[in-house]
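*Asks:* here are the coordinates; sequence isn't available:
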Ligand SMILES: Cc1ncc(COP(=O)(O)O)c(C=O)c1O
């Protein structure tokens, strides 16, 4: 049977050559190749410092610790995101407070969030204090979902007004931009992922991106057990003593083997991005022609969408249904039947407030955040990878037409 997966990473001989070169140096743990990769990614995103880690989750954790997050604080996190965005806040002892998203862009609903702050926090000596918990609002983790930036200028304006911090979770958004300004270059630190479901990959991997020298230095120390000196620096200078360890750190180091793959992947970044955009545009055309019930990804003017995932929404009203649940049954049947035909699809991501850990711990109900719930139940990710031909895309759409005849 013909098989179409959701994603396949794109490698050429270049990755193998780069790894071979690295192996031949004997330096395979974090070393010069990681530094090279950090410089390439930071310069691509137009920020001063890149600090590579084992994943975006660990990048977020380190960044939050470096920014001083702890159990005295709360952080707003959009609910329609991968669970890691909220988990990273939990690791620090702070409380993630889930907020709603816009069902058109899948990104944070700024108006909803502003109303939430106004109703739940009081300004006490310049700090926003939660009227119930007594904890201080630290800031917002803004997720640039699926490769589309949230409205960062509007969010920055909100943050300035309330004097709170913004962290951009750009796990899916390397290369995404608004009017030419890349994610992470709007003055907020950000974290990106190099998991194989992302545009480029190092197997597992992540990176903190920031213009702030002090945050960068702290993240660098914390990722390596809190050591006062990096391994590279220790080997470059004369001496045999171990570095100082004055704070609790972690081992979140990327290896030079992974960075070698990353360096080769970054050489093709523009090509990969353009090819993904080309396939997204072709899906847009096919879907607009054939399916009145499917909304294609929305791209505001001036935004560069990198299509880490191509995520549509099932319009349950266009299908003649009255409820999201009916629309959800339909979407799941569609996904199931496509799977039987060898075509893999996924829901966009999950609504974190509906997941067991968060629902149990904080008592969330599905409709507390209706936008996130709707996205969870009705979003549909179609396969997209650059080895995919037009014929493959036609086949996905033909199979959808075939399935629809039986379930609609
Ligand atoms: C929005 C978001 N944040 C964080 C992560 C975690 O990334 P990683 O798998 O590199 O830890 C993901 C992964 O899919 C994600 O989509």
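*Replies:* Happy to help now that I have it. Just so you know, these numbers come straight off a predicted model, no measurement behind them.

*Asks:* what are the phi and psi angles of residue 343?
*Replies:* phi -110, psi 120 (degrees, to the nearest 10).

*Asks:* make that residue 100, sorry
*Replies:* Taking degrees, to the nearest 10 as the convention, residue 100 sits at phi -90, psi 170.

*Asks:* Now do the same contact list for the residue in the stretch 301-408 of the chain positioned nearest to the ligand.
*Replies:* Relative to the ligand, the nearest point of the stretch 301-408 of the chain is residue 349 (6.3 Å; Cβ to the nearest ligand atom). Backbone N, C-alpha and C define where each C-beta goes, glycine included. Contacts for residue 349 (Cβ atoms under 8 Å, 6 or more residues apart in numbering) come out as 80-82, 145, 375-376, 379.

*Asks:* Strands - which of the residues you listed land there?
*Replies:* The members of the contacts of residue 349 that map onto strands under DSSP state E are residue 379.

*Asks:* chain center to the host helix or strand of residue 157, what's the gap?
*Replies:* Using DSSP states H and E, residue 157 falls within helix 152-162. How far helix 152-162 lies from its chain's middle: 20 Å, per Cα atoms, centre = their mean, to the nearest Å.

*Asks:* isn't residue 316 right up against residue 324?
*Replies:* Yes. Using Cβ atoms under 8 Å, residue 316 is in contact with residue 324, at 6.1 Å.

*Asks:* Quick check: neighbours shared by those two?
*Replies:* Counting by Cβ under 8 Å, 6+ apart, the residues touching both residue 316 and residue 324 are residue 378.

*Asks:* before we move on, back to that, the contacts of residue 349: which ones sit near the ligand?
*Replies:* Intersecting the contacts of residue 349 with the contacts of the ligand gives 81-82 (criterion: Cβ under 6 Å from any ligand atom).

*Asks:* Mind putting the contacts of residue 349 into a markdown table with neighbour count and pLDDT?
*Replies:* Formatted as a markdown table, the contacts of residue 349 follow (neighbours: other Cβ atoms under 10 Å; pLDDT from 0 to 100):
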| residue | neighbour count | pLDDT |
| --- | --- | --- |
| 80 | 31 | 98 |
| 81 | 28 | 98 |
| 82 | 20 | 98 |
| 145 | 31 | 98 |
| 375 | 28 | 98 |
| 376 | 24 | 98 |
| 379 | 24 | 98 |
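
*Asks:* what are the ranges of the strands in the stretch 1-150 of the chain?
*Replies:* 49-53, 73-78, 95-99, 121-124, 127-130, 136-143 (DSSP state E, counting those that start in this stretch).
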